[in-house]
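Novice: Quick one: sequence and predicted model below, then my questions.
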Amino acid sequence: MNEKSKPTTPNLSKETSAAPMRIAKAMARAGLCSRREAERFIADGRVSVNGRKIDSPALNISQSDKIIVDGKPLPLAEPIKLWRFHKPKGLVTTAKDERERKTIFDVLPDDLPRTITIGRLDINTEGLLLLTNDGELARHIELPSTGWLRRYKVRAKGSITQDKFNALKKGLTIDGVNYGPIDAQMIKEQGANCWFTMGLREGKNREIKKIAEHLGLNVNRLIRLSFGPFMLGDLKEGEIEEVKSHILADQLGPKLAQQFNIKPSTGQAKAKAKHVRSLPPPKKTTKRQDQKNKPGKSHSSSSKKRQPRRPSKK
């Protein structure tokens, strides 16, 4: 959650509250936290509805209900947005750190609305980090069942061959923990280090470092290059960029885009309509022309020679 968010109104947006929904889901849709975190907020007595403190997430709320979290009105749910952020090394991916280390929210722009991260990156991991203002969208994208590939560029001390990387395609088990199929490709060896890419879909805690250690490698630099269809590209360190709504809608697919009420931008829709060409209406033909156009038959005047007329016998 971004602590630099602007003051918000207590009611839910019309888009997200036309029908009653569970209180934890409403808190997540408002970008305040994830659904699981909302349940913890409720269990800790930090949430009240219409002036009464609640202790269970089994409650449906509507637009007319007044929800207070930590003494403040529940934020107004804004249109869903997604950002690409190039996380620098040395920042913690959390809103607050018990050890008072610098977090990503300390370096984000002041005018950025309330945001939460989609998954996390370790303090020493750099590269692409996705942020959104909607907890439900974050929950969907970060689930392993969504199947989005996360690709990393890795530098590690040690030496290895591509054959050992190929064996990872079947998955492996380390200290009783099962890891799914992993796509690893050797880039080059450089002095005492080697560079390679690694793609995985689960994103378990310290997964790449544990697998590398299992292979006799010691990771000393880790850069996330992509998360599903979203790429780090030429985004500079510390830079953040919003993903356009029509791109997000395309990548989520029609069903999920409709579920999250994400629509293509007006400009994109107009541009698409402008380039649509309609087929010309079919030409009208006469019955005689249709007969001429039948395949396998020739109707040219030279196809049949007229036989000379024999003179009649008198």
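Specialist: Alright, I've got the coordinates.
Novice: give me the low-pLDDT residue ranges for this structure?
Specialist: Along the chain, the model assigns pLDDT under 70 to residues 1-19, 264-314.
Novice: Got the domain ranges for it?
Specialist: Segmentation of the chain into domains, based on automatic domain parsing, reads 21-73, 82-259.
Novice: Columns mean neighbour count on top of the ones you listed, output as TSV?
Specialist: Where you see a C-beta, it was placed from the backbone N, CA and C, and this is true even at glycine. Below are those laid out as TSV (neighbours: other Cβ atoms under 10 Å):
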stretch	mean neighbour count
domain 21-73	17
domain 82-259	16
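Novice: In contact with residue 217: list those residues for me.
Specialist: Listed by Cβ atoms under 8 Å, 6 or more residues apart in numbering, the contact set of residue 217 reads 156, 157, 158, 160, 194.
Novice: what sits against residue 243?
Specialist: Going by Cβ under 8 Å, 6+ apart, residue 243 touches 81, 82, 83, 84, 230.
Novice: and with 7 Å instead?
Specialist: By Cβ atoms under 7 Å, 6 or more residues apart in numbering, the contact set of residue 243 is 82, 83, 84, 230.
Novice: Taking these together, which two end up most distant?
Specialist: 83 and 230 (9.9 Å; Cβ to Cβ).
Novice: for this protein, what spans make up the helices?
Specialist: With helices called from DSSP state H, the chain shows them at 23-29, 35-43, 135-142, 162-166, 207-214, 245-252, 254-259, 266-274, 287-292.
Novice: Residue 81 against residue 131, yeah?
Specialist: No: between residue 81 and residue 131 there is no contact under Cβ atoms under 7 Å: 8.8 Å.
Novice: Mind checking which of the contacts of residue 243 are in strands?
Specialist: Mapping the contacts of residue 243 onto strands (DSSP state E) picks out 82, 83, 84, 230.
Novice: so can I have JSON lines of those showing distance to residue 248?
Specialist: Formatted as JSON lines, the ones in strands among the contacts of residue 243 follow (distance: Cβ to Cβ, whole Å):
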{"residue": "82", "distance to residue 248": "5"}
{"residue": "83", "distance to residue 248": "10"}
{"residue": "84", "distance to residue 248": "11"}
{"residue": "230", "distance to residue 248": "9"}
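Novice: Looking at those residues, spot the one nearest residue 61.
Specialist: Nearest to residue 61 among the ones in strands among the contacts of residue 243: residue 82, at 25.6 Å, using Cβ to Cβ.
Novice: What's opposite that closest one in the beta bridge?
Specialist: Going by DSSP bridges, residue 82 is paired in beta bridges with residue 132, residue 243.
Novice: and stretch 81-98, how far apart are its ends?
Specialist: 29 Å (Cα to Cα, to the nearest Å).
Novice: And stretch 128-147, by the same measure?
Specialist: Stretch 128-147 has an end-to-end distance of 17 Å (Cα to Cα).
Novice: Please apply the same query to stretch 249-262.
Specialist: 6 Å.
Novice: quick revisit: nearest to residue 251 among the contacts of residue 243?
Specialist: Proximity of the contacts of residue 243 to residue 251 (Cβ to Cβ) peaks at residue 230, which lies at 7.5 Å.
Novice: List the contacts of the closest one.
Specialist: 84, 128, 130, 243.
Novice: farthest-separated two in those?
Specialist: Longest span within the contacts of residue 230, Cβ to Cβ: 128 and 243, 11.5 Å.
Novice: overlap in contacts of these two?
Specialist: Residues touching both residue 128 and residue 243 (Cβ under 7 Å, 6+ apart): 84, 230.
Novice: Point out the other helices and strands that the lengthiest strand in the chain packs with.
Specialist: Identified as the longest strand of the chain according to DSSP E is strand 218-227. Packed against strand 218-227, as judged by 3 or more Cβ pairs under 7 Å, 6 or more residues apart in numbering; DSSP states H and E, are the following elements: strand 125-132, strand 150-157, helix 207-214.
Novice: All set, thanks.
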